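Peer 1: following is a predicted model, sequence given first.
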Amino acid sequence: MRKARHPERHEIEVLSVMSALSDPIRVGLVRVLADGRERGWGELRAPVAKSTLSHHLSVLRDAGVTRTRQEGTRCFVELRRDDLDVRFPGLLAAVLDAADAADVGAGVGVARDSDAGPPQAPCAPAAGPRARAR
């Protein structure tokens with residue numbers, strides 16, 4: 001498996017970040033990660049299939065919103081708050097405040113110990129720069 005590519009701080013683009021944050025599931029994931037804790041992908045719960053959750057996490061990573069760390073077959077994700085705050089001061093705080101006020105992404109959360117279930121699926125393949133047909 002290839003190592004995940006994360007844009008360097010100076011490579012993070014505002015339009016990519018805003019595009020990544022245009023989906024309520026992804027905003028919910030950012031709200032969960034806003035507590036500053038690194039989370040295992042298997043801890044995250046969302047009202048979507050695991051493959052769709054993996055896609056959402058990849059979109060956030062590719063945009064520079066999150067950082068993914070692989071340990072064996074497990075993946076851990078954290079919010080790149082410092083990088084985003086340096087690059088776009090106030091943007092993340094404004095998005096989180098608005099999302100909290102409107103309860104955007106409320107269906108996304110973290111598994112409790114009692115419902116952690118079986119081990120998580122392996123990390124999604126790392127996506128390199130891809131040409132998008134739109």
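Peer 2: All right, it came through fine.
Peer 1: buried residues, stretch 36-52. List them.
Peer 2: Residues of stretch 36-52 classed as buried: 39-46 (neighbour count, 16 or more other CB atoms under 10 Å). From N, CA and C alone the C-beta is placed, and that goes for glycine too.
Peer 1: check those residues and tell me the two furthest apart.
Peer 2: Distances among these were taken as CB to CB; the most separated pair is 40 and 46, at 14.0 Å.
Peer 1: tell me, how many residues neighbour the closest residue to residue 108 other than its chain neighbours?
Peer 2: The shortest distance from residue 108 to any non-neighbouring residue, by CB to CB, 6 or more residues apart in numbering, is to residue 28 (2.9 Å). Neighbour count of residue 28, defined by other CB atoms under 10 Å: 23.
Peer 1: test my guess that residue 28 contacts residue 105.
Peer 2: Yes - at 2.2 Å, residue 28 counts as touching residue 105 under the criterion of CB atoms under 8 Å.
Peer 1: quickly list what's touching both of these two.
Peer 2: residue 99 (CB atoms under 8 Å, 6 or more residues apart in numbering).
Peer 1: show me the shaky parts of this protein.
Peer 2: 1-2, 113-134 (pLDDT under 70).
Peer 1: quick one: the helices in it?
Peer 2: 14-20, 24-33, 50-63, 81-87, 91-102 (DSSP state H).
Peer 1: of all these, which one is nearest residue 3?
Peer 2: helix 50-63 (11.7 Å).
Peer 1: how about the closest one: buried residues?
Peer 2: In helix 50-63, counting by 16+ other CB under 10 Å, buried: 53-63.
Peer 1: what are the contacting residues of that helix?
Peer 2: Residues outside helix 50-63 that contact it (CB under 8 Å, 6+ apart): 4-7, 12-13, 16-17, 19-20, 23, 25-26, 29-30, 41, 44, 46, 48, 66-68, 75, 77, 121, 124, 127.
Peer 1: out of these, list just those in strands.
Peer 2: Counting by DSSP state E, those place 44, 66-68, 75, 77 in strands.
Peer 1: good, we can wrap up now.
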